[in-house]
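Visitor: here's my sequence, what's the structure:
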Amino acid sequence: MRFNDAVSGAVLLVFSIMIGLWSRSFPAIPGQEYGAAVFPTLVATALGACSLLLIISGLRRGGGALLFEGWARAPGGYIRILCTIALVVFYIVAAKPLGFIPTMIVVLLFTLRMLKVRWLPALAVAIIAAIVLQWSFGKFLQVPLPWGVLSAWRF
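Guide: Reported below is the predicted structural model:
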């Protein structure tokens, strides 16, 4: 299930107009010909142009406002959507007390199993990916992820 491009384009067009109007309230920078509003105005203009192209494309293609793709008709399609939302909620609730690594292992394992990956490869990928993400966010990006129950084994 997805929205027609004309609907998506209309929503983005409204958003681009809001950005453009909001950027007009930015103060001018003394001594410069252009101010803080230049970049947001350029982004709003580009987004508005792309939105118009989406609207034209959607109107040419036709169809209803809501299009049902093959996956929406497949058995279990909506269950997978609900499971994905539940996994996001689980991460939000469990990441701080459990820590990033155990929580992400559970999320990745369930996601990979939902995609019909066999148990052993799914478990291996989930464990390795969670550890690599924790390490790369902590060391390279300097973004502290919660350690939770594994705080004694920080690296």
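
Visitor: ok, for A36, nearest residue in space, not its chain neighbours?
Guide: F26 (4.1 Å; CB to CB, 6 or more residues apart in numbering). Where C-beta positions appear, they are placed from N, C-alpha and C, glycine not excepted.

Visitor: quick check: the one you found touching F39?
Guide: No - assessed by CB atoms under 8 Å, F26 is found out of contact with F39, at 9.7 Å.

Visitor: burial of the residue nearest to A36, as a residue count?
Guide: 14 (other CB atoms under 10 Å).

Visitor: what does the pLDDT read for it?
Guide: If you check F26, the pLDDT there is 86.

Visitor: ok but it is inside a strand, no?
Guide: No - when DSSP: H, G, I helix; E, B strand; the rest coil is applied, F26 is found to be coil, with no strand at that position.

Visitor: distance-wise, check the residue nearest to G35 when sequence neighbours are not counted relative to Y34.
Guide: Nearest residue to G35, sequence neighbours excluded (CB to CB, 6+ apart): A28, at 4.2 Å. With the distance defined as CB to CB, to the nearest Å, A28 ends up 9 Å from Y34.

Visitor: which outside residues touch stretch 6-23?
Guide: 36-37, 40-41, 43-45, 47-48, 50-59, 65 (CB atoms under 8 Å, 6 or more residues apart in numbering).

Visitor: selecting buried members of these in PyMOL, what would you type?
Guide: To isolate the buried members of these in PyMOL, using 16 or more other CB atoms under 10 Å:
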select buried, resi 37+41+44+47+48+51+54+55+58
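
Visitor: among the contacts of stretch 6-23, which are in helices?
Guide: 40-41, 43-45, 47-48, 50-59 (DSSP state H).

Visitor: quick one: distance of the strand or helix carrying V14 to the chain centre.
Guide: Per DSSP states H and E, V14 falls inside helix 5-23. Relative to its chain's centre, helix 5-23 lies at 19 Å (CA atoms, centre = their mean, to the nearest Å).
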